[in-house]
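let's see this in three dimensions:
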Amino acid sequence: MDKNNGSDQDYQAGDKLLIGLLLAVLTFGMFAQTILNIATTIRTDLGISVDASNTAVSLAALFSGLFIVVLGSFGDRFGRLKMTKIGLILSIIGSLLIAISPKGTPIFLLIGRIIQGISSACILPNALAVIKAYYEGAARQRAVSVYSVGSWGGSAISSIFGGVVASTLGWRWIFWISIVAAIVSFFLI
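Next up, the predicted model:
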């Protein structure tokens, strides 16, 4: 359905796609970024070192930065919607690894954060490119605003969201909720 890759030229983007893109961007903007504020809680619960905890915080941004240009260009070649969906699958895998991290070892947490970073490198440039390809005029302005809410707004409220969820349901629920958001996004897109 990626019109710039020769598929369905007549596809009309609407609110369903826009909500799906918002949830996709939130999988990183809000859910993955909460780790910045709950790292101490995770470190204490898992019984891991400060170094491992600090590394986990940095890994998603590192891997996102390393791969964002490459995975954005893959979207140009192989399909922006396809790359966004691959990013959502990676988000589910990364969040699952973090949610099931066993006590005493940081390995699931670290691998999960790497996968979250690669996930965001798939989602962020390709979701924005989908907006450019499928929305025009006022609809594009609205879509870019929704994208911004997901990326910048999600990052802004991640600390409040993470704190509330971690203190009421437990920190692992942040990542279970992220999985649900990614699944819903996948089917909306």
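
please make it C-alpha for all contacts and neighbour counts, starting now.
Fine.

now do the helix or strand encompassing I92: everything it contacts.
Remark: I92 resides in helix 80-99, with elements defined by DSSP states H and E. Helix 80-99 is contacted from outside by 1-2, 24, 27, 71-72, 74-75, 108-109, 111-116, 118-124, 126-127, 129-130, 172-173, 175-176, 178-179, 182-183, 185-186, 189, using Cα atoms under 8 Å, 6 or more residues apart in numbering.

give me the mean pLDDT for it.
The average pLDDT for helix 80-99 rounds to 97.

after it, which helix or strand is next?
helix 107-134.

and that following helix, which residues are buried?
Neighbour-count burial for helix 107-134 flags 107-131, 134 (criterion: 16 or more other Cα atoms under 10 Å).

likewise stretch 149-164?
V149, G150, S151, G154, S155, A156, I157, S158, S159, F161, G162, G163.

how about stretch 138-149?
A143, V144, V146, Y147, S148, V149.

of those residues, which belong to helices?
By the criterion of DSSP state H, membership of those in helices covers A143, V144, V146, Y147, S148.

what's around D51, how many residues?
10 (other Cα atoms under 10 Å).

same thing with the one 3 residues further on?
Each residue near N54 was counted by other Cα under 10 Å, and the total is 15.

just give the nearest non-adjacent residue to it, would you?
Nearest residue to N54, sequence neighbours excluded (Cα to Cα, 6 or more residues apart in numbering): A39, at 7.6 Å.

now the one you found: which helix or strand?
helix 35-46.

so after the host helix or strand of G163, what's the next helix or strand?
G163 belongs to helix 154-168 when assigned by DSSP H and E. Counting by DSSP H and E, the element after helix 154-168 in chain order, helix or strand, is helix 172-188.

contacting residues around that next one?
Applying Cα under 8 Å, 6+ apart, the contact partners of helix 172-188 are 16-17, 19-24, 27, 31-32, 34, 85, 88-89, 91-92, 95-96, 98-100, 162, 165-166.

taking helix 80-99 as reference, get the angle to it.
Per axes from the mean of the first three to the mean of the last three Cα atoms, to 10 degrees, the angle that helix 172-188 makes with helix 80-99 is 160 degrees.

wait, P102 sits on I48?
No. Using Cα atoms under 8 Å as the test, P102 is too far from I48 to be in contact (10.3 Å).

circling back: between the ones in helices among the buried residues of stretch 138-149, which is nearest N54?
S148 (27.3 Å; Cα to Cα).

remind me what the lowest-mean-pLDDT helix or strand in the chain packs against, helices and strands.
Here the helix or strand of the chain ranked lowest by mean pLDDT, DSSP states H and E is helix 154-168, holding a mean of 89. Judged by 3 or more Cα pairs under 8 Å, 6 or more residues apart in numbering; DSSP states H and E, helix 154-168 is in contact with helix 35-46, helix 172-188.
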